[in-house]
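> Got a predicted structure plus its sequence, pasted below:
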Amino acid sequence: MEQRKKVAIIVAGGSGTRMGSAVPKQFLQLAGKPVLWHTVNAFVQAYIDMEIVLVLPEAHFSYVADWIGDFKQVMLVKGGETRFNSVLNGLNTVQEPAVIFVHDGVRPMVSTALIHRCYEGAIAQGSAIPVIDMKDSIRELVPGGNRAVDREQFKIIQTPQTFLSEWILPAFEQPFDPLFTDEASVVERQGRQVQLVPGDEANIKITRPLDLTIAEALLGARD
């Protein structure tokens, strides 16, 4: 398999309002370390040559000051007004051909296997978007009511959304559009067909106190 430079752009701009915490959720403690530490560590452990671009609001730089030195290959970048702008700020650091992972800072349980799967998918097909099946029944709201839909026709999207640099860098040169809900939607606007790869049920997003409890249990089981 072709070997490429690997860059993980980890975006962590959340405020933690749903957590009911004064501390942003990415800095809450998980098994004795901040959530974001675990996220960064997952990428560092996945590939020895992984480079990390950590995108944070400038006001949050102090939260990582005491542990960012644990990792030699991390660059700290100031976030933007929107996720699109934050990712763009991270992409602006990439100066040579690479496989670029864009990952939520509050997904600390991402596995080495999933990171490898995304890398290999991007090398083979230009992009790799991890997805999992919907377990619940879902209904669509329509004028005057609602209706059942076939959940088999829908997938739940995870990160890291992964692309060759020659796909994602030109895509982020276009103006921001509120319809850009994730990186895949930005790349698609350029006429690219994004490819889906199997995600991981354990790759949860920490948004509520219950999620921290689940992540603690998953870490315990993994250890």
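Thanks, I have it.
> Tell me where this structure has strands.
Secondary structure of the chain, counting by DSSP state E: strands at 5-11, 29-30, 33-34, 50-56, 74-78, 98-104, 127-133, 139-142, 145-148, 155-157, 161-164, 196-198.
> Residue 87 contacts residue 172, correct?
Yes: contact status for residue 87 versus residue 172: in contact at 6.8 Å, counting by CB atoms under 8 Å. Placement of C-beta: from N, CA and C, glycine included.
> These two: who's more crowded?
Remark: of residue 87 and residue 172, residue 87 carries more neighbours, 25 against 20, as counted by other CB atoms under 10 Å.
> quick one: residue 6 from residue 219, how far?
Residue 6 is 24 Å from residue 219, where distance means CB to CB, to the nearest Å.
> where exactly do the helices run in the protein?
Secondary structure of the chain (DSSP state H): helices located at 35-46, 61-64, 83-91, 112-125, 165-171, 183-188, 209-222.
> Residue 141 is nearest to which of these?
helix 183-188 (21.1 Å; CB to CB).
> Extract the CA atoms of the closest one and return them as CSV.
Output in CSV follows, covering the C-alpha atoms of helix 183-188 (Å, rounded to 0.1, in the frame of the first residue of the first chain):
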residue,chain,number,x,y,z
GLU,A,183,-16.4,17.8,6.0
ALA,A,184,-18.0,15.2,3.6
SER,A,185,-20.6,17.7,2.6
VAL,A,186,-17.9,20.3,1.8
VAL,A,187,-16.0,17.8,-0.4
GLU,A,188,-19.2,16.6,-2.1
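> so what secondary structure elements neighbour it?
strand 127-133, strand 161-164, helix 165-171 (3 or more CB pairs under 8 Å, 6 or more residues apart in numbering; DSSP states H and E).
> Buried residues, it. List them.
Residues of helix 183-188 classed as buried under the neighbour-count rule (16 or more other CB atoms under 10 Å) are 183, 184, 185, 186, 187.
> Touching, residue 158 and residue 128? I think so.
No: the criterion here is CB under 8 Å, and residue 158 misses it with residue 128 at 10.9 Å.
> Contact partners for residue 75?
Counting by CB atoms under 8 Å, 6 or more residues apart in numbering, residue 75 touches 51, 52, 53, 54, 93.
> Mind listing the residues bridging to it?
Beta-bridge pairing of residue 75 under DSSP bridges involves residue 53.
> what bits of this protein have low per-residue confidence?
Applying pLDDT under 70 to the chain flags the ranges 14-21.
> Centre-most residue in it?
residue 103 (1.8 Å; CA atoms, centre = their mean).
> List only buried entries from the contacts of residue 75.
With burial judged by 16+ other CB under 10 Å, the buried subset of the contacts of residue 75 is 51, 52, 53, 54.
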